[in-house]
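> Give me a model of this one.
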Amino acid sequence: QASALADKLLEFADRDHDISRELQQWRKVDEVTDEPAELKPLITDMLSPGRGFIAWDESYSYVRRAEAVLPLLQQARAHDAGAAATLCLHALRRAWGVLQQADDSNGDIGGFCQAIGAEWIASLQAAGAQPASFGDTYLQVQLDDPFGCFDAAAAEAAIGEPAMNRYNGR
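Residues are numbered from 1 along each chain as shown. All right, here's what the predicted structure looks like:
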């Protein structure tokens, strides 16, 4: 019974690129180690829109597929919060790029960006104060953020005084 189901699933995957892609990602997620550095290419792949423009009626499907990245980010946070914060920022930038090539009239992709932003904040809080140089990174994140995808007050409290002094130009 299980082998017949597996054969049918592979048959569907052979005929549909999106199903094939999702199955490949699912397999990769299952094989991934606890090493955050190994997650970056997988996150890039998972957040890729797969084709050009995402129409308003395709955004929900994209988000449903891309949300699989959230448990990976949470897993990374449990293993190494500092590395997870870097991965979350990578994921945020990827999601912002998708937002630029999508009709997000329904707000699905925007909501997904906020979910990644919340995970970024959780990772920053778990990681603790950042070095002063992070103030420059934070300034760039603020400039790149298309619509307030994260709680800035929580981020600023988490990154600590040295980074905030740099951010504020002190």
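> For burial, what's the neighbour tally of residue 146?
Residue 146 has 11 neighbours, counted by other C-beta atoms under 10 Å. In this view, the C-beta of every residue, glycine as well, is placed from N, C-alpha and C.
> got a pLDDT number for it?
Here, the pLDDT recorded for residue 146 equals 95.
> Next secondary structure after the one helix or strand in the chain whose mean pLDDT sits lowest?
Every helix and strand of the chain was ranked by mean pLDDT, DSSP states H and E. The lowest is helix 17-31, at a mean of 51. Remark: after helix 17-31, the chain's next helix or strand is helix 39-47, criterion DSSP states H and E.
> model confidence over that following helix, on average?
91.
> Output it as CSV - backbone C-alpha positions only.
Extracted C-alpha coordinates of helix 39-47, given in CSV (Å, rounded to 0.1, in the frame of the first residue of the first chain):
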residue,chain,number,x,y,z
LEU,A,39,20.6,25.9,5.8
LYS,A,40,21.4,29.0,3.8
PRO,A,41,21.2,27.4,0.3
LEU,A,42,18.2,25.4,1.3
ILE,A,43,16.4,28.6,2.6
THR,A,44,17.4,30.4,-0.7
ASP,A,45,15.8,27.5,-2.7
MET,A,46,12.7,27.3,-0.5
LEU,A,47,12.0,31.0,-0.8
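> Which elements pack onto that helix?
helix 17-31, helix 59-66, helix 69-79, helix 81-99 (3 or more C-beta pairs under 8 Å, 6 or more residues apart in numbering; DSSP states H and E).
> among those helices, which is nearest residue 164?
Closest approach to residue 164 among the helices and strands packed on helix 39-47 (C-beta to C-beta): helix 81-99, 15.6 Å.
> Run the angle between the next helix or strand after that closest one and helix 69-79 for me.
Note on helix 81-99: by DSSP H and E, the next helix or strand toward the C-terminus is helix 108-127. Helix 108-127 runs at 0 degrees relative to helix 69-79, counting by axes from the mean of the first three to the mean of the last three C-alpha atoms, to 10 degrees.
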